[in-house]
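J.: here is the input, now give the coordinates:
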Amino acid sequence: MDILNHFDHYGKKQDKEHFMNLIKVALSDGIIDQSESQILHRMGKKMGFTDPEIDSLIDSTSKTEFIPPYKLSKRFEQVYDIIKIVLADGVIDSNEMRIANAFAIKLGFTEIEMPGLLSTLIKGIREGKDEDDLFELYKKERKH
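T.: Modelled structure (predicted):
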C-alpha cells in the first residue's frame, strides 16, 4: 500500500467514527426523525459516504448507546465539527442549524448558551480560527 492510500484510509476511518458520533447524538432521544435523517444523509454525503453506507452506519450505530463526552472540550469539539460540516458548502441551511442546535443540546449545552455558542463557532470558522482558539473564546464568553 502506498503512503497516500494509507492517509486516505485513515481519513475515511476518522470520518466514519465522527459520523457515528453524530448518529449517536441524533439517537440520544431514542429515535432519528425524518429531518435528522435528512441532515445525517447530507452530512454523510459531504464526508464522502454513499446512501447505502449511511443507512448501514445508522443501522449499526442504533444498536449502541449514546453517552455524551464528560469533558467540555470534547463536547465543544463535536459541536465545532458539526458546524464545520454545516458550513462546508458555504450555505447555512435553517434546517441544518436547527439540527445542529438540537445536537448541541443533546451534548449537554443549554438553550441559554446556544445562540452565543453557535454564533461564536460560525463567525470563528468563517474567519479561519482554529478549534482551540474558539474553545478559549467560548470559555471566556461563558463566564460573562
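J.: residue contacts, the residue nearest to the spatial centre of the chain?
T.: In the chain, the residue lying closest to the centroid (C-alpha atoms, centre = their mean) is residue 82, at 2.6 Å. Counting by C-beta atoms under 8 Å, 6 or more residues apart in numbering, residue 82 touches 22, 43, 100, 103, 104. Where you see a C-beta, it was placed from the backbone N, CA and C, and this is true even at glycine.
J.: again, only using 10 Å
T.: 18, 21-22, 25, 39, 43, 96-97, 99-101, 103-104, 107, 118, 121 (C-beta atoms under 10 Å, 6 or more residues apart in numbering).
J.: looking at the residues you listed, which are in helices?
T.: Under the assignment DSSP state H, the contacts of residue 82 contribute 18, 21-22, 25, 39, 43, 96-97, 99-101, 103-104, 118, 121 to helices.
J.: quick check on those: which are buried?
T.: 18, 21-22, 25, 39, 43, 96-97, 99-101, 103-104, 118, 121 (16 or more other C-beta atoms under 10 Å).
J.: relative to residue 74, which of the contacts of residue 82 is nearest.
T.: Of all the contacts of residue 82, residue 74 sits closest to residue 107, with 9.0 Å by C-beta to C-beta.
J.: now do the contacts for the closest one.
T.: 21, 25, 28, 66, 68-69, 72, 74-79, 82.
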